[in-house]
Structure formats: structure tokens, C-alpha cells
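>>> Sharing a model that was predicted from the sequence below.
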Amino acid sequence: MRDGRAVHVIGAGGHAKVVVATLQAAGFEVGAAWDDDPARVGGNLLGVAIRGPVASVPAGAPVVIAVGSNEARKALAGQLAGRSFVSVVHPTAFVHSSVILGPGTVVFAGAVVQPDARLGEHVIVNTGACVDHDCILESFVHVAPGVRLAGNVSLREGAFLGIGVSVVPGIEIGAWTIVGAGAVVVKNLASKVTAVGCPARAFQREQHKT
């Protein structure tokens, strides 16, 4: 979507800085970044003014949610329901023409998304990540920098893969599951677990509470 209207960015943290840079590199005008944290309001993000609160974003303005937390991104998407969400791809990324990108999805610099991959709403494909052919990334998934997904991998809603995770072909990772940095996933993972190691082993989320 590029209809001449300035895009407004929801969030003003470190992740939002990369989203702003991606929008600028892709030729979008950025209207403002919006945040509910009063300490951030009045500052700027790569020259873009930070305003607040999020509820004050101008009606009708196209937006992109620039928050790394999958849960927070889903909550904000609900809060902003009915808005026009922008999908943006950095010009140094490769996204095959057959790929489906849902609204609000962002693909950062150096990422690769291969033929017939399907990305849902508000997905993050972070810097240098690779998503191979026929992968499915459902809404609110986040694959961190350097993730490697082989072909036919399915990541269900809200799954998070940390820096440098590798996933072998045909694997399914359940909804809202977290895979720790550097893990190698060779077996399917259930929903709402945390998995770490090489090969990755899953633990119930409660075991990681402190």
C-alpha cells in the first residue's frame, strides 16, 4: 500500500526504530511514531516525532504496529481494529512474487522469503532471516534475526523464534510457543511451550517462571 498518505508507526522503542528505517528505505513517508509511555512522547525516532497516546492516532491514517512482543502486537491490533494496516518490505530483502503477505507484516533488511510462503497478519521477519518455500507463518509470529526455516515449516499464531534458530523441513511449531536463541528444531513442538537446545527440547512454560 502506497497511496501518498503518511504511515503512522505504533510504538517508539528499539524495534520501532528498525520499522521506521524500513519504511523510509522502502520510500514511505512516516507521519509520526505513537507510544503510550509519557517518557518517550516529545522525542524523536530517526527524525520522526514521537507522539502519544496511541488512542490519539489520526482517524483514517495508515498504520504499522512496531512492537516486538507478539502478545502486545495482538492487543494493539485489537485496539486499532478497522484501521488500514501497512505491510512493508525492506528493498534489500527478497520476497518472491508468489508470497502472500498479510496486513501489518514487516520484512526487514536482508531477509529472504521464498516461493509460496504464506505470512499472516502482523508477522515480523527480522533482519537476515530466511523463510523457505511453502512455509506458513500465522498471524503475530515473530522470527528473530538470523532464523532459518527450511521448506514446509508451519509456525502457528504467536510463535516466537529467537536469534539464530534453525528448523528442519516439514516441522510444525504450535501457537504461542517460544524457541530459544540458537535452538535446532527437529521435531514438532506443541502450543504454549518453551523449547531450547540442539536438538530443541520442550518444557511447559510454568517451569520457566521465576
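Structure's in. What do you need? Numbers count the residues shown, from 1 in each chain.

>>> if I pick Phe203, what's in contact with it?
193-196 (C-beta atoms under 8 Å, 6 or more residues apart in numbering). Backbone N, C-alpha and C define where each C-beta goes, glycine included.

>>> could those residues be laid out in a markdown table, adding neighbour count?
Putting the contacts of Phe203 into a markdown table (neighbours: other C-beta atoms under 10 Å) gives the following:
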| residue | neighbour count |
| --- | --- |
| Val193 | 20 |
| Thr194 | 20 |
| Ala195 | 24 |
| Val196 | 17 |
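
>>> Out of those, which is nearest to Val147?
Of all those, Val147 sits closest to Ala195, with 13.5 Å by C-beta to C-beta.

>>> can you pull up the bridge partners for the spatially most central residue of the chain?
Nearest residue to the geometric centre of the chain (C-alpha atoms, centre = their mean): Ile124, 1.7 Å. As for beta bridges, Ile124 partners with Val106, His142 under DSSP bridges.

>>> give the contact list for it.
Shown in contact with Ile124 (C-beta under 8 Å, 6+ apart): 68, 105-106, 108, 141-143.

>>> That one and Ala39: what is the separation?
24 Å (C-beta to C-beta, to the nearest Å).

>>> and if you look at Gly82?
With the distance defined as C-beta to C-beta, Gly82 ends up 29 Å from Ala39.

>>> per-domain residue ranges of the chain.
Here the domain parsing of the chain from automatic domain parsing is 7-79, 88-198.

>>> distance between the ends of the first one?
Start and end residues of domain 7-79 are separated by 17 Å (C-alpha to C-alpha, to the nearest Å).
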